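*Asks:* how would this look folded up:
(2 chains)
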Amino acid sequence: MGRYGGTIRTLTSSANWDTDIFVMCNEPLINTPGILGEEITGNICDAFQVNAEQTEFTFHMREGIKWSDGTPVTTEDVRFAYEDVMMNTDLTARPPTWLRSGNKGTGTPYVVKVKDDYTFTISFDKPYGGFLLVLGISGWRSYIEVLKPAHYLKKFHTKYASKAEIDAAIKEANVEGWPQLFALKDVTNWEMTYPPALTFPSLYPWILKETSQQGQIYERNPYYFKVDPAGNQLPYVDYLDSAYVADTEVIQMKILAGETDFSRSHPKFVKLPLYKENEEKGGFTTAMVQFHATSIDLFLNLTHVDPVWRQVVRNPDFRRALNLALDREEIIDAVLYGYASLPDFNPAEYNVEKANQLLDSIGLNKKNADGYRLGPDGQVFEIPFETGVQRTDMIPTLELVVQFWEKVGIRTTMKTIDGALWTQRSAANELKATIYWVEALWYNSPVGINLWAPLWDQWWNTGGAEGEEPPQDVKDLLDVRATITTLPPAEGIKAYAEMKKLVADQIYFFVPVEKVLQPLIFSKRLGNVSDSPDAIAIGVNFSAEQFYFKS
Amino acid sequence: MLSYIGRRVAQIIPLLVGLSLIIFIVIQLPPGDYVTMYIQRLEAAGGKVSEYEIANLRRLYNLDRPFYQQYFIWIRNIVLKGDFGRSLQWERPVSELIGERLLLTMVVSICTLIFTYTVSIIIGIYSATHQYTAGDYFFSFLAFIGISVPGFLLALVIMYLVFVNTGVAVTGLFSEQFVRAPWSWPKVVDGLKHIWLPIVVIGLSGTASLTRTMRGLLLDELQQAYVITARAKGVAETKLLFKYPVRLAINPMISTLGWLLPTIVSGESLVAIVLNMPTTGPLLLQSLLAQDMFLAGGFLLMTSTLTVIGTLLSDILLAWLDPRIRFGGVSEH
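*Replies:* You can find the predicted model right below:
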């Protein structure tokens, strides 16, 4: 039970966008507690059923829920979103992949049928057991693709509004035609900071009240549908105030000065001692909670064009040897201050001698005068890491990895490049080796193949039209991955475990550590914020409607 | 003189057409477009953008059209309607976004300009007339430090020192409670309390190098024969100094004044980002990073137009100030 009132201040370094606020406000149709994906509960819908074939999903919406302007939410909003938006070819070129059977681009689109004012079904022509999780959490899904405020959007839809009205609105918005007008007025969850969101009815706990170049202010939604156990309406906090600060270092300084009440996306691991030192002065708590990704993984590009490189890195024994050479304990102690565990994505054994023997046995036994192993072409074999430094702990980790692999005679270098250039080089299959992360949430079926084999990934995604055909073991891996989102959750979790086993066996990429904790910073005055080390940071962020100010 | 001005103005038009084209091409040069950057941002936040949204976005922003059509639509709206388009990042008109920040940027820039010129001319004159004295050495030493320390570093150092000693993060132009408040007397006063830091930090390197320039130019003039003649004829030292050598020494500084016009509008980006100032510099940088082509394009077009106009103005100013240029210019044509 909390107290009403107050303003949560957040900081963001992106123009017109604040990830922490986005996560606080987003609402899915159905929910998975703690974002774990182990159980599915109601949210906007209070009940749902799946038929035995896993093809038809029946949803019942909570009765009496209202849009933020007070209009009741009914299945008319569902029908409108389906018939008049998704199935209207002027507005939607093609319905999205996740709303097609089998979660595949080639699948047949979904069918929505309205039963009564609060009940509707979504059906597919093939079994799609993972659909509930895809609808509940995958990629921060919101209700917006299934449920749109029809009473508001009809004013901008040619089927309902007169030509004169539409033309006037087009002129006022200064856009080209009605599809552009509708796209502008139809505010998705990713656009909740945009000026059109000021008048757009929503179901979020807070709604946009003011937006400027300095940031945004959100006000509590008077019609928000959640209550606390005593029946008090949520959220407790009246306002969210997101301040735009272009430089990330200035953000760190503002965190230390106590100028934010909640920050998940900005606290950096390497600054941990600094946060601890300033906790008292800044009046905040630094909690160590779970990060929703594996933090820092190493990828060697198995489909890079260099033939010598391919020959060496495609040998699983080479990758096994490098894995043996990783001193994971040292990474955990030196870089992560002990806040991480050994992985089960990879075998965690550290044995330099064994690594050397393995490298010798696969023909990399010749060395030059400096002690570096020579590749099959007689030149020094080199692993050139390039990183876009998306996380600050990447550099100290890489520095250690370079030492570990040089110790077994593999020439290893590292180079930092601009983030945008990294993205471009990565997409163009130009990186030989890099460091990034994969998500640790099983239902997002992370396997990072876009980084360790971009061409195989492309082949798979385009159904063989582009890229290169992967070997059978990789095809098997991708087959397992595909089942994760089409099976019901209990079986999906099993498929995920099986996928992890396949990665551990072949070491397609290196996962030095798992279960990394991340610092989460919040004001000492803020209550109901979980700081349990088992909580996932982004899940804590998600529960913001329950936060309150103690004084 | 009038025909000289007329001719210079006529030269500007093809120059601006070329500039607008180059700007548009350069902005489009990096691979991908705004939508690609947008998707990257969402994916970094853990989201997935469906292809139907991507197609909608591309259509909404005309990004699905060929290059020359995009350019034509853009330039047509600017020329015919004065409409610089809508920023993709902010989903607001470009003119509104720049306009909001322009006033403060100009206040900071003009204050900096006044600071720079006043301080550097005074110190320059002092150093030149007191060459190789303790004062001259002292100011020379300061000037070299000013030239060699980048503004953003100085800003960081000052912010660090203030934070360590007081626990306050000195950023922005206003205190927290005034940032979003409408204009009022207390807000202006609050702004004045904050503005000295950016002015000194931004102005420092300019002041330092101008001081050196002024000192050097004035020293050259002071050794001219006419100065010795005037002194021999008994002209008072102050009158002599300001009547001729200082006027001549300022000339080259005036001719660079034209280049300052665009900086008044675009401001000092790096320092402004570090100090989190609500000026135009950070806005431009962000728009370029996000490939927000209409905002970046409108911005660059504006600043390059101002550079062209600034150069024109300083040419005219110089012709007016210096009879040698004026007469030379007229007799040529």
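
*Asks:* ok, A:Leu342 touching A:Arg328?
*Replies:* Yes: using C-beta atoms under 8 Å, A:Leu342 makes contact with A:Arg328 at a distance of 5.8 Å. The C-beta positions use only the backbone N, C-alpha and C, and glycine is treated the same way.

*Asks:* most centrally placed residue in chain B?
*Replies:* Centroid-nearest residue in chain B, with C-alpha atoms, centre = their mean: B:Thr263, separated by 1.1 Å.

*Asks:* between A:Leu342 and A:Arg328, who's got more neighbours?
*Replies:* A direct count of neighbours by other C-beta atoms under 10 Å in any protein chain shown for A:Leu342 and A:Arg328 places A:Arg328 higher, at 23 against 17.

*Asks:* contacts only, for the more buried one.
*Replies:* Residues near A:Arg328 by C-beta atoms under 8 Å, 6 or more residues apart in numbering or on different chains: A:Leu342, A:Pro343, A:Ala348, A:Tyr350, A:Pro512, A:Val513.

*Asks:* and B:Gly216, by the same measure?
*Replies:* B:Ala128.

*Asks:* and it, how far from chain A?
*Replies:* Here the criterion is C-beta to the nearest C-beta, to the nearest Å. By it, B:Gly216 lies 37 Å from chain A.

*Asks:* what does the model give that residue for pLDDT?
*Replies:* Note on B:Gly216: pLDDT of 91.

*Asks:* that one belongs to a helix, doesn't it?
*Replies:* Yes: assessed by DSSP: H, G, I helix; E, B strand; the rest coil, B:Gly216 belongs to a helix.

*Asks:* next one, pLDDT for the closest residue to A:Val50 other than its chain neighbours please.
*Replies:* For A:Val50, ignoring the flanking residues on the chain, the nearest one in space by C-beta to C-beta, 6 or more residues apart in numbering or on different chains is A:Phe57 at 5.5 Å. Here the pLDDT value assigned to A:Phe57 is 94.

*Asks:* surely the residue nearest to the centre of chain B and B:Ile110 touch.
*Replies:* No: using C-beta under 8 Å as the test, B:Thr263 is too far from B:Ile110 to be in contact (10.6 Å).

*Asks:* now the helices for the stretch 101-250 of chain A?
*Replies:* Assigned by DSSP state H, counting those that start in this stretch, the stretch 101-250 of chain A shows helices spanning A:131-136, A:150-153, A:163-173, A:178-185, A:248-256.

*Asks:* ok, now the stretch 451-551 of chain A?
*Replies:* All helices of the stretch 451-551 of chain A, identified by DSSP H, counting those that start in this stretch, fall at A:454-461, A:472-484, A:489-506, A:537-542.

*Asks:* what do you get for the stretch 151-300 of chain B?
*Replies:* B:151-166, B:185-222, B:225-232, B:237-243, B:245-255, B:257-266, B:269-274, B:280-289, B:293-321.

*Asks:* one step back: out of the helices of the stretch 101-250 of chain A, which is closest to B:Met37?
*Replies:* Proximity to B:Met37, assessed across these by C-beta to C-beta, is greatest for helix A:248-256 (17.3 Å).

*Asks:* anything in that closest one near chain B?
*Replies:* Yes: on the criterion C-beta under 8 Å from any C-beta of the partner chain, helix A:248-256 is in touch with chain B at A:Glu249, A:Val250, A:Met253, A:Lys254, A:Leu256.

*Asks:* so for that helix, what gets flagged as buried?
*Replies:* A:Val250, A:Ile251, A:Gln252, A:Met253, A:Lys254, A:Ile255, A:Leu256 (16 or more other C-beta atoms under 10 Å in any protein chain shown).

*Asks:* quickly list the domain ranges of chain A.
*Replies:* Chain A breaks down by automatic domain parsing into domains covering A:27-178, A:204-291+A:518-549, A:297-506.

*Asks:* just the endpoints, please. Distance across the shortest one?
*Replies:* Chord length of domain A:204-291+A:518-549, first to last residue, is 20 Å (C-alpha to C-alpha, to the nearest Å).

*Asks:* what mean pLDDT does it have?
*Replies:* What domain A:204-291+A:518-549 shows for mean pLDDT is 90.

*Asks:* that domain: how far from the chain's middle?
*Replies:* With C-alpha atoms, centre = their mean, to the nearest Å as the basis, domain A:204-291+A:518-549 stands 19 Å off its chain's centre.

*Asks:* is it true that B:Val265 touches B:Val108?
*Replies:* No: at 11.2 Å, B:Val265 does not count as touching B:Val108 under the criterion of C-beta under 8 Å.

*Asks:* please say which of these two ends up with more neighbours.
*Replies:* The neighbour comparison of B:Val265 against B:Val108 (other C-beta under 10 Å) goes to B:Val108, with 27 against 22.
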